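Undergrad: Would you be able to build a 3D model of this:
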Amino acid sequence: MSSQRRCPVIAFDHNSQTHADDTVGSYRRIRESTPVAWTEAHGGYWVLSDYASVFDAARDDETFSSRRLPHGGEGLSVVIPKTPMHRHIPIELDPPEFRPFRKIVNRITAPAAVKRMQGMIDHYTTWFIDQVIESGECDFVDVIGVPAIVTVDWLGLDTEDWRRYAHLHRTTLSGVPGTPAFQHAVEVEMPELSERMWQTIAARRREPADDVISYLVQQEIDGRPITDEEVFAITELLVAGGTGTTASLVGQTLVWLYRHQDVRRTLIEHPEKLERALEEFLRYFAPTQALARTVVKDVDFHGCPMRTGDRVLLAWASANRDESAFENADEIDIERWPNRHTSFGVGVHRCAGSHLGRAMSYALISQILERMPDYSVDLQALRRYPQQGTNVGFQSIPARFTPGPRRLPADA
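TA: Residues are numbered from 1 along each chain as shown. Have a look, this model is predicted:
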């Protein structure tokens, strides 16, 4: 085929164990040799691994579509292979249909809206740390449940279900299809939690409350009332984004800071440096490693002939390590600025929840450094997600620290 003559076919699968064992090295090898290349894995797809190709494709929605199309099978369009998941709006829409939905989401995720949520974020951060601070040991994965419970509470869903929502979305994106855990998530957890979401949407239609779902059901799209199906699809996206990516970033950062205690000491002594350091952690760890698009018209892209229906993987994590865009890209420099990383995406689909993600990450990291400054991590007991192709992170981060006092009343 022409793509084989013009663009080498590579042996690559971002969901393989080989890739999971060394995601950085795996992307480096293809980025430095064939930054735009074809792999036969999962029915075949293009891999974009350098900054220029990822940047260009992400900004070209007329060629690289995010819509649910038949190519690549059924399921969530922005991952390869597609995973069984309800439709997500607006990430699975293209302009112009995309714009009115994104405008609605922007109102509740803008900096001013996130600032109004700061009290909730700080409360849950303090509460989670309070649960372990007196014991002197914990699993950081439990502590960094903050983003999941903040998201669930903010939306207006039952906060008692936060662990289930987090587990469901982590499993469908980072679990291994066909395993008992994956099948349980898809066949049991997803239908049950979806039904609860439908019930909440119906309840807010009848009697609005002070939450995001109540806001959503009152909106209009191009002059017509928004449908329950559209509200559900937006809520699904916000749950998926809020329960996994921020926890992934914080977990990786905490492990790295344990390994690099000079930087940890700097951030403890100079907390004002954390805001800029957080951007560097985002670049370096890229919680969402890559997302997918579908080619909707034949195009010669960076010298490679792409055809309608081809699936394409935009590797944000690899673009963030491109030396042409970032000097000493494989090193963390907490003073790096400007820092135009791709971890929140590029173009119109850039993550709407970026400000909320930053706020929750900052609250968690800063309070852990303040209240557990001498924490140590049992590196031998770390357990990663089974797959690292879409979301990277840990299933378990056992830690010890000097015990400290609670800050909230016991019945908070």
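Undergrad: low-confidence ranges in this structure?
TA: Filtered on pLDDT under 70, the chain yields the residue ranges 1-6, 173.
Undergrad: So which residue is dead centre in it?
TA: For the chain, the residue nearest the mean C-alpha position is T245 (3.2 Å; CA atoms, centre = their mean).
Undergrad: Helix or strand: which one has that residue?
TA: Using DSSP states H and E, T245 maps to helix 228-259.
Undergrad: quick one on the thing from earlier: please report the distance of the residue nearest to the centre of the chain from V392.
TA: T245 sits 10 Å away from V392, going by CB to CB, to the nearest Å. Bear in mind the C-beta positions are built from the backbone N, C-alpha and C, glycine included.
Undergrad: Any chance you could list residues touching both of these two?
TA: P287 (CB atoms under 8 Å, 6 or more residues apart in numbering).
Undergrad: about what we covered before: next helix or strand past the helix holding T245?
TA: Next along the chain after helix 228-259, with elements defined by DSSP H and E, is helix 261-269.
Undergrad: which residues are contacting that next one?
TA: Here helix 261-269 makes contact (CB under 8 Å, 6+ apart) with 257-258, 273-274, 277, 332, 334, 369-370, 373.
Undergrad: which of the residues in that helix are buried?
TA: 263-264, 266-268 (16 or more other CB atoms under 10 Å).
Undergrad: Now it - C-alpha only, CSV.
TA: Extracted in CSV, the C-alpha atoms of helix 261-269 (Å, rounded to 0.1, in the frame of the first residue of the first chain):
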residue,chain,number,x,y,z
GLN,A,261,13.8,15.1,47.4
ASP,A,262,15.9,18.2,46.5
VAL,A,263,12.9,19.5,44.4
ARG,A,264,10.5,18.5,47.1
ARG,A,265,12.5,20.5,49.6
THR,A,266,12.5,23.5,47.2
LEU,A,267,8.7,23.4,46.9
ILE,A,268,8.2,23.0,50.6
GLU,A,269,10.5,26.0,51.3
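Undergrad: could the buried residues of helix 261-269 be laid out in a markdown table, adding distance to E97?
TA: What follows is the buried residues of helix 261-269, written out as a markdown table (distance: CB to CB, whole Å):
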| residue | distance to E97 |
| --- | --- |
| V263 | 44 |
| R264 | 46 |
| T266 | 47 |
| L267 | 43 |
| I268 | 47 |
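Undergrad: Between those, which sits nearest G251?
TA: R264 (14.9 Å; CB to CB).
Undergrad: Skipping adjacent residues, who's closest to R350 in space?
TA: Among residues not flanking R350 along the chain, F344 sits closest, at 5.5 Å (CB to CB, 6 or more residues apart in numbering).
Undergrad: Quick check: which element contains the one you found?
TA: F344 belongs to no helix or strand, assigned by DSSP H and E.
Undergrad: My guess is it contacts L356. True?
TA: No - counting by CB atoms under 8 Å, F344 stays clear of L356, with 11.2 Å between them.
Undergrad: out of the two, which sits in the busier spot?
TA: L356 (26 against 20; other CB atoms under 10 Å).
Undergrad: which residues touch that one?
TA: Contacts of L356 were listed using CB under 8 Å, 6+ apart, and they are 109, 114, 117, 242.
Undergrad: The second one touches S354, doesn't it?
TA: No - applying CB under 8 Å, one finds V114 not in contact with S354, separated by 9.5 Å.
Undergrad: Now for these two: what residues contact both?
TA: Counting by CB under 8 Å, 6+ apart, nothing touches both V114 and S354.
Undergrad: ok, of the contacts of helix 261-269, which one's closest to Y27?
TA: I332 (16.9 Å).
Undergrad: quick revisit: so which of the contacts of L356 wins on neighbours?
TA: G242 (26 neighbours).
Undergrad: And G44, how close does it get to D298?
TA: 16 Å.
Undergrad: actually L274, not the one I wrote
TA: The value you get for L274 to D298, if CB to CB is used, is 47 Å.
Undergrad: Those two: who's more crowded?
TA: Shown here are L274 and D298; by other CB under 10 Å, L274 has more neighbours (18 against 13).
Undergrad: so how far is the helix or strand where that one lies off the chain centroid?
TA: Here L274 sits within helix 274-285, counting by DSSP H and E. On the basis of CA atoms, centre = their mean, to the nearest Å, helix 274-285 sits 15 Å off its chain's mean C-alpha point.
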